[in-house]
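Enquirer: here is my input; please provide its structure:
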Amino acid sequence: MKIAPAAALQLLHAQHHATLATHSQQLPGYPYATVLPYVLDEQQRPLLLISALAEHTRNLLADGRCSLSVLEAGASDVQAAARLTLLADAARFEPDALLRQRFLRYQPAAEQLLQLDFMFFRLQPIRLRYIGGVGRMGWLEAAELAGVCLSLQQEADWLAQAHVPDGVCLLGMDAGGVDYRLDDEVGHRRQPWPDGLRLEAELGAVRQALLAGLGSDLA
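Expert: So this is what the prediction gives:
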């Protein structure tokens with residue numbers, strides 16, 4: 001079945017934790033799975049911040065081949081829920097200032113981890129298996145997931161100009177929508193752009209679409 005890349009990308013953006021599977025170094029041949037938070041970069045690639053002492057970190061440093069499994073939050077029936085498995089190559093890297101700021105907007109508690117032995121890894125997608133429910137599934141190649149991307153500077157400029165009601169904290173913007181957090185909330189929420197809204201639209205039109213989507217949250 002042909003799967004629309006937008007469905008998989010919206011699921012990736014909407015969630016904030018996943019199950020990472022790596023190649024065990026202690027028991028070669030066995031997968032090692034663990035749950036951890038992630039943030040997407042400007043090209044919609046997952047970023048991890050993990051301790052040098054963690055088992056999965058040691059595994060990735062020895063063999064970067066891994067998979068990331070993401071499940072739609074709050075689903076009462078897992079079989080009917082949207083979910084995906086991303087096969088990727090992980091590599092350690094150092095983010096620039098704008099990417100670090102983006103990561104910390106989504107994971108503010110991670111700032112204290114930067115003073116410890118934690119290190120950044122980026123997952124470069126190879127293939128993705130998306131399941132939208134019973135009988136709705138298919139593979140996506142890495143090239144299909146690239147899509148239209150905003151630069152980190154474009155995103156930072158927009159966030160600096162955006163005005164939203166009290167109680168709303170904007171985290172990030174991309175071609176598919178905007179992520180935000182309400183005061184005293186853990187995690188974040190996702191507001192997809194309405195169909196037909198283009199990135200070239202005036203800032204006012206984008207803001208209007210955002211506020212319209214936030215209405216139910218702020219009522």
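
Enquirer: all contacts plus neighbour counts: C-alpha atoms, from now on.
Expert: Fine.

Enquirer: got a list of what residue 45 touches?
Expert: Shown in contact with residue 45 (CA atoms under 8 Å, 6 or more residues apart in numbering): 122-125.

Enquirer: in strands, which of those residues fall?
Expert: Using DSSP state E, 122-125 are the members of the contacts of residue 45 that sit in strands.

Enquirer: of those residues, keep whichever come out buried.
Expert: Buried by 16 or more other CA atoms under 10 Å: 122-125, out of the ones in strands among the contacts of residue 45.

Enquirer: for residue 69, list each beta-bridge partner.
Expert: Beta-bridge partners for residue 69, by DSSP bridges, are residue 19, residue 85.

Enquirer: do I have it right that it meets residue 16?
Expert: No: using CA atoms under 8 Å, residue 69 makes no contact with residue 16, being 11.6 Å away.

Enquirer: need the buried ones among the ones in strands among the contacts of residue 45 in TSV (columns: distance to residue 56 and pLDDT).
Expert: Shown next, in TSV, are those (distance: CA to CA, whole Å; pLDDT from 0 to 100):
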residue	distance to residue 56	pLDDT
122	14	98
123	14	98
124	17	97
125	18	97
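
Enquirer: from those residues, which single one is nearest residue 35?
Expert: Nearest to residue 35 among those is residue 123, at 15.3 Å by CA to CA.

Enquirer: excluding residues flanking it in the chain, which one is nearest that closest one?
Expert: Of all residues not flanking residue 123 in the chain, residue 90 sits nearest, at 4.4 Å (CA to CA, 6 or more residues apart in numbering).

Enquirer: now do the SS call for residue 109.
Expert: helix (DSSP: H, G, I helix; E, B strand; the rest coil).

Enquirer: so how far is residue 70 from it?
Expert: Residue 109 sits 21 Å away from residue 70, going by CA to CA, to the nearest Å.

Enquirer: what number of residues lie near residue 40?
Expert: Other residues near residue 40 come to 20 when the count uses other CA atoms under 10 Å.

Enquirer: what's across from it in the sheet?
Expert: Here residue 40, judged by DSSP bridges, has bridge partners residue 46.

Enquirer: was I right about it contacting residue 46?
Expert: Yes: using CA under 8 Å, residue 40 is in contact with residue 46, at 4.4 Å.

Enquirer: need the ones in strands among the contacts of residue 45 in TSV with distance to residue 144, can you?
Expert: As requested, these are arranged in TSV below (distance: CA to CA, whole Å):
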residue	distance to residue 144
122	18
123	16
124	13
125	10
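
Enquirer: how about the strands in the protein?
Expert: 17-23, 31-37, 39-40, 46-51, 65-71, 83-93, 118-133, 136-141, 168-174, 177-182, 189-192.

Enquirer: in a markdown table: these, plus distance to residue 104.
Expert: Shown next, in a markdown table, are the strands of the chain (distance: least, CA to CA, whole Å):
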| stretch | distance to residue 104 |
| --- | --- |
| strand 17-23 | 15 |
| strand 31-37 | 12 |
| strand 39-40 | 9 |
| strand 46-51 | 11 |
| strand 65-71 | 21 |
| strand 83-93 | 16 |
| strand 118-133 | 12 |
| strand 136-141 | 29 |
| strand 168-174 | 9 |
| strand 177-182 | 13 |
| strand 189-192 | 16 |
